[in-house]
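Asks: Predicted model, plus sequence, below.
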Amino acid sequence: MNEDLKITNEWDKTFKLSEKVNHKKVTFHTRFGFTLVADQYEPKNYEGKLPAISVCGPFGAVKEQCSGLYAMKMAERGFLTIAFDPSFTGESSGTPRYVASPDINTEDFQASIDYLSTLENVDSEKISIIGICGWGGLALNVASIDTRIKATISSTMYNMSKVNHDGYFNSNTEDSLYELKENLNKQRIEDYKNNDYKLGGGCLELPVPEDSPFFVKDYSEYYKGRAYHERSLNSNGGWNMTSALSFINTPQHTFSKEIRNAVLIIHGEKAHSCYFSKEAYEDMVKDSKYTDNKEIMIIPGAVHTDLYDNLEVIPFDKIEDFIRKNI
């Protein structure tokens, strides 16, 4: 846990620092022994202990992108917040690089709550989480196990287990899934021989071919364009290819109906990924005894990345109201 980390001191976010908040870099450790690096934001003027929020995502992004934007905006509204890089990514520790795992990443979120709970200026009874994209799906996984979380916000969710196992829009067949498993296990052998791990590739370079699906262009315009960052996986070489195996074999949201604390799921109506949120909400409330504090908000006309950085679309008023009502 006492690793030599390369932590950047200068401001290198994809958004401007607000004059309303203080910012600093912090570290904390996970139960698996990784050291995670986070940006911590707090309002410049406050009294007493603050409610706190941990933010992460999108899947394959870094804290210098939209998780940091969410964290900063919520700090402007009176919360102490952190946006962290998951294990194996960004400035956080873990080798080989660019590995993802539902178990490790769930622990990343839980470790952030450990950290927030120990801060003298945080009310440990008022901690919430915000997960974006693939981390919106993981946020529900965390809420299923971590009773310390008072409110969970899932924004523009991906269920990474579902999309890896079932394919986009449930396109995998039994045979195509088996072929995928075969190819990934063959890749394990090549990686072992090479003592290196092949990357799956990030977003397409700009300009994206005209015949590409809209959501492919949408991603590239964010990661390769307006929010490019040198440490972002999606902006560069992508994830370790064999990380998909962990998600294929590990369903998420299996116990979501057990979540007693508040959950707000937010998605854009026009997002290709909207079905993840709708299905997750239905599964969470079906046959559950704890539905009174569960909500889904579909934003008319919004696409997937509108909820990354479009300040006219991200419903910060609703997010603040929902959290304050439930902490």
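Replies: Nice, thanks for sending it over. Numbering: from 1, shown residues only.
Asks: For the stretch 151-300 of the chain, which residues score under the pLDDT cut-off?
Replies: Along the stretch 151-300 of the chain, no part satisfies pLDDT under 70.
Asks: Tyr219 is in contact with Glu205, correct?
Replies: No: taking C-beta atoms under 8 Å as the definition, Glu205 is not a contact partner of Tyr219, at 11.7 Å. Every residue, glycine included, has its C-beta placed from N, CA and C.
Asks: neighbour count winner among those two?
Replies: Tyr219 (24 against 8; other C-beta atoms under 10 Å).
Asks: okay, now Asp283: neighbour count?
Replies: 16.
Asks: Need the three-state assignment for it.
Replies: Under DSSP: H, G, I helix; E, B strand; the rest coil, Asp283 falls in the helix class.
Asks: hang on, it packs against Lys257?
Replies: Yes: Asp283 lies in contact with Lys257 (C-beta under 8 Å); the separation is 7.1 Å.
Asks: just the helices in the chain please.
Replies: For the chain, the helices defined by DSSP state H cover 66-76, 102-117, 134-145, 160-166, 174-194, 214-220, 243-248, 274-285, 306-309, 316-326.
Asks: Distance to Val55 added to these, as a markdown table?
Replies: Converted to a markdown table, the helices of the chain look like this (distance: least, C-beta to C-beta, whole Å):
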| stretch | distance to Val55 |
| --- | --- |
| helix 66-76 | 4 |
| helix 102-117 | 9 |
| helix 134-145 | 8 |
| helix 160-166 | 17 |
| helix 174-194 | 30 |
| helix 214-220 | 20 |
| helix 243-248 | 21 |
| helix 274-285 | 18 |
| helix 306-309 | 12 |
| helix 316-326 | 11 |
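Asks: between the ones you listed, which gets nearest to Ala38?
Replies: helix 102-117 (7.1 Å; C-beta to C-beta).
Asks: Return the set of buried residues in the closest one.
Replies: 102, 104-113, 115-116 (16 or more other C-beta atoms under 10 Å).
Asks: Make a markdown table from these and add pLDDT to it.
Replies: Putting the buried residues of helix 102-117 into a markdown table (pLDDT from 0 to 100) gives the following:
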| residue | pLDDT |
| --- | --- |
| Pro102 | 97 |
| Ile104 | 97 |
| Asn105 | 98 |
| Thr106 | 98 |
| Glu107 | 98 |
| Asp108 | 98 |
| Phe109 | 98 |
| Gln110 | 98 |
| Ala111 | 98 |
| Ser112 | 98 |
| Ile113 | 98 |
| Tyr115 | 98 |
| Leu116 | 98 |
